[in-house]
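In: kindly return the folded structure for what I paste below:
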Amino acid sequence: MSINRQLPFFHEPEHQLITLQDGLLHYYPSFFPPQEADNWMQQLLNEVSWQQEHIIIYGKQVPFPRLMAWYGDAGSNYAFSGNTYSPKPWIPVLSTIQSRIEAVSHTTFNSVLLNYYRNGQDSMGWHADDEPELGRNPIIASVNLGATRRFQLRHKQDHQRTATVDLQHGSLLIMTGPLQHHWQHQVPKTKRPVPARINLTFRHIFPPAQIE
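Out: Got it, this is the predicted structure:
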């Protein structure tokens, strides 16, 4: 893994370019100033319709270790972990954050998956965002609010090849290129006492007719 410090162009925030074999990440540690990030988090806690979703494991219904919500354009349905999610309509706070992310990523997003980690025991296991409806080389923009949590990556073919990014309050991580085809990522549990964290992953869902 190599990390290069990128100077901002015009109004673009300073960021780090993280180069992996078969993948690329852009990390903006302070994309949102602290006060603005605080405001976003409080609004999201109050205004998002958080749900406790479940997954079927060995025939048994098990709750995901976090709360979730799916918002987006009408028709941007998303299927993962054996479930299909239909989006709730955009709310103003999400549309505002969406515009900020699109401006820096030069990408149009039509949906966002939100995860609410209530404490260090909430987590997300190893996976890749490689569902067909995300397109061939999906661009995933991840906004992080609240507690700093460790974001781990491992190569699908060689689990000894790893990378780690500590995602801090107000940061933005953009995953690009073929990364989702070659790497998995997770947010593991931690025994450290950490406050709540909200993560928003903006993505573009393609309609069935456009899926290769």
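In: residue 24 - how many residues pack around it?
Out: 14 (other C-beta atoms under 10 Å). (Each C-beta comes from the backbone N, C-alpha and C, glycine too.)
In: how about it, what does it touch?
Out: Residue 24 is in contact with 17-18, 175-177, 179, counting by C-beta atoms under 8 Å, 6 or more residues apart in numbering.
In: please redo it, this time with the cut-off set to 10 Å
Out: 17-18, 174-179 (C-beta atoms under 10 Å, 6 or more residues apart in numbering).
In: and residue 63, how far from residue 72?
Out: 23 Å (C-beta to C-beta, to the nearest Å).
In: residue 206 too?
Out: 12 Å.
In: between those two, which contacts overlap?
Out: By C-beta under 10 Å, 6+ apart, the residues touching both residue 206 and residue 72 are residue 110.
In: more neighbours, the two?
Out: With neighbours defined as other C-beta under 10 Å, residue 206 and residue 72 compare such that residue 72 has more, 25 against 16.
In: ok, that one - contacts?
Out: Counting by C-beta under 10 Å, 6+ apart, residue 72 touches 78, 85-90, 94, 98, 109-113, 202-205.
In: ok, what's across the strand from residue 176?
Out: Beta-bridge pairing for residue 176 (DSSP bridges): residue 24.
In: look up how far residue 24 lies from it.
Out: Per C-beta to C-beta, residue 176 is found 5 Å from residue 24.
In: before we move on, what about residue 156?
Out: Residue 156 is 16 Å from residue 24, by C-beta to C-beta.
In: could you tell me the end-to-end distance of stretch 50-60?
Out: Chord length of stretch 50-60, first to last residue, is 22 Å (C-alpha to C-alpha, to the nearest Å).
In: quick one on the thing from earlier: top of the contacts of residue 24 by number of neighbours, please.
Out: residue 175 (26 neighbours).
In: check the burial of the residue nearest to that one when sequence neighbours are not counted by counting its neighbours.
Out: Spatially, and ignoring its direct neighbours in sequence, residue 175 is nearest to residue 140 (4.5 Å; C-beta to C-beta, 6 or more residues apart in numbering). Neighbours of residue 140 under the rule other C-beta under 10 Å: 22.
In: contacts only, for residue 140.
Out: 25, 105, 107, 109, 113, 129, 134, 173-176, 179-180, 185, 201-204.
In: element containing residue 99, please.
Out: Here residue 99 sits within helix 92-105, counting by DSSP states H and E.
In: just give me the neighbour total for residue 154.
Out: 17.
In: got it, and residue 118?
Out: 13.
In: distance of residue 169 from residue 146?
Out: Separation of residue 169 from residue 146 (C-beta to C-beta): 6 Å.
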